[in-house]
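S.K.: structural data only, the sequence is not supplied:
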Ligand SMILES: O=C(O)CCC(=O)C(=O)O
Ligand SMILES: [Fe+2]
């Protein structure tokens, strides 16, 4: 397994996924990936098959999108309801918290808003959650670039799910059957520049500590830094998951933790000011990232239903962000 593990950052293995893609080291790669999920819930993949040109051009598109005037971005407004996760949310609108259900505590937490803006989309043919795009003619090419990247990430998702199954010693397509709907969510995130002091005294946050409510997330980040992952050996302490050029991060969500009987961790993470930051003007640089979440669908097991004994339960979807 050692030769597929090419490094380690903050206890998170850096795994060369190439040996899974070309078939030469499939089991070793799968084992290394799952070992890191078990240790810390996160893994960095290099040689993951996602073209760097496509990653770069998608980051260019998201910069172009967020550089539009607010009024333009609000032409694709995220619905106020917390259930339809599509379109644009302005800075401070969304607040990510973990397991806080108490109304008073929520009001308190909302006083320190997440200083980020986001754009969310999914597949086009999802009647349950239609996409919300800018009107025709505004930022032409943006919609096509988002959809193209969505389906590119879907390919990576399917391969990662195969590796996951192999690493857990179940048939390779075990997890694919729970992800056939491709109800994934592509999120474009922009954390605007903010005074370091406001972040350090927690007047504002970038993204509060949370776990992801899905099976897995692919996470692409720019080179600014600030992502932190809780140290499983020292709860409450966080380590910096520094950007590694050319890599993608994959992190396990709550559903995978439950699915694996807690052998895989869904680890708390957050985004703060980048570590060891030196600036002349006291400002944190802006940061961009792209999480791509895989929700999962629980449906009756084939063989347990038929025409005579139809399904008693409709499939349920564990969708990202439904708890946020
Ligand atoms: O921006 C990041 O790096 C992390 C985002 C994140 O954790 C999330 O959207 O769930
Ligand atoms: Fe997250």
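M.R.: Cool, got the structure. Everything numeric here is computed off the predicted structure, so don't read it as measured data. Ligands and ions are numbered 1, 2, ... in the order given.

S.K.: flag every buried residue along the helix or strand residue 55 falls within.
M.R.: Counting by DSSP states H and E, the element that carries residue 55 is helix 52-66. Neighbour-count burial for helix 52-66, counted by 16 or more other C-beta atoms under 10 Å, picks out 55, 58-59, 61-62, 65-66. C-betas here are computed from N, CA, C, even on glycine.

S.K.: make JSON lines out of those and add pLDDT and distance to residue 144.
M.R.: Putting the buried residues of helix 52-66 into JSON lines (pLDDT from 0 to 100; distance: C-beta to C-beta, whole Å) gives the following:
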{"residue": "55", "pLDDT": "97", "distance to residue 144": "16"}
{"residue": "58", "pLDDT": "98", "distance to residue 144": "11"}
{"residue": "59", "pLDDT": "98", "distance to residue 144": "16"}
{"residue": "61", "pLDDT": "98", "distance to residue 144": "9"}
{"residue": "62", "pLDDT": "97", "distance to residue 144": "14"}
{"residue": "65", "pLDDT": "98", "distance to residue 144": "13"}
{"residue": "66", "pLDDT": "98", "distance to residue 144": "18"}
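
S.K.: dump those to JSON lines, plus distance to residue 32.
M.R.: As requested, the buried residues of helix 52-66 are arranged in JSON lines below (distance: C-beta to C-beta, whole Å):
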{"residue": "55", "distance to residue 32": "22"}
{"residue": "58", "distance to residue 32": "27"}
{"residue": "59", "distance to residue 32": "27"}
{"residue": "61", "distance to residue 32": "32"}
{"residue": "62", "distance to residue 32": "31"}
{"residue": "65", "distance to residue 32": "36"}
{"residue": "66", "distance to residue 32": "35"}
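
S.K.: ok, and the closest non-adjacent residue to residue 199?
M.R.: Among residues not flanking residue 199 along the chain, residue 273 sits closest, at 4.6 Å (C-beta to C-beta, 6 or more residues apart in numbering).

S.K.: touching, the one you found and residue 198? I think so.
M.R.: No - at 9.6 Å, residue 273 and residue 198 do not qualify as touching, with contact defined as C-beta atoms under 8 Å.

S.K.: where exactly do the helices run in this structure?
M.R.: Taking DSSP state H as the criterion, the chain carries its helices at 18-21, 26-39, 52-66, 70-73, 103-110, 142-167, 196-200, 254-259.

S.K.: tell me the most buried of these?
M.R.: Among these, judged by mean count of other C-beta atoms under 10 Å, the one packed with the most neighbours on average is helix 26-39 (a mean of 22).

S.K.: so what does it touch, helix or strand wise?
M.R.: strand 12-16, helix 18-21, strand 42-46, helix 142-167 (3 or more C-beta pairs under 8 Å, 6 or more residues apart in numbering; DSSP states H and E).

S.K.: report the rounded mean pLDDT for that helix.
M.R.: Taken as a whole, helix 26-39 has a mean pLDDT of 98.

S.K.: and for stretch 265-276?
M.R.: If you average the pLDDT over stretch 265-276, you get 93.

S.K.: that older thread, quick one: the helix holding residue 55 near ligand 1?
M.R.: No - in this structure, helix 52-66 remains apart from ligand 1 according to C-beta under 6 Å from any ligand atom; the gap is never smaller than 11.8 Å.

S.K.: show me what that helix is packed against.
M.R.: strand 117-121, helix 142-167, strand 185-191, strand 216-221, strand 287-294.

S.K.: can you give me how far that helix is from the chain middle?
M.R.: Taking the mean C-alpha point of helix 52-66 and that of its whole chain, the gap between them comes to 17 Å (C-alpha atoms, centre = their mean, to the nearest Å).

S.K.: so it versus strand 216-221, what angle?
M.R.: Taking axes from the mean of the first three to the mean of the last three C-alpha atoms, to 10 degrees, helix 52-66 and strand 216-221 form an angle of 80 degrees between their directions.

S.K.: returning to what we had before: output the helices and strands packed on helix 52-66 as JSON lines; include the columns mean pLDDT.
M.R.: Supplementary listing: those in JSON lines, determined by pLDDT from 0 to 100:
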{"stretch": "strand 117-121", "mean pLDDT": "97"}
{"stretch": "helix 142-167", "mean pLDDT": "97"}
{"stretch": "strand 185-191", "mean pLDDT": "97"}
{"stretch": "strand 216-221", "mean pLDDT": "97"}
{"stretch": "strand 287-294", "mean pLDDT": "96"}
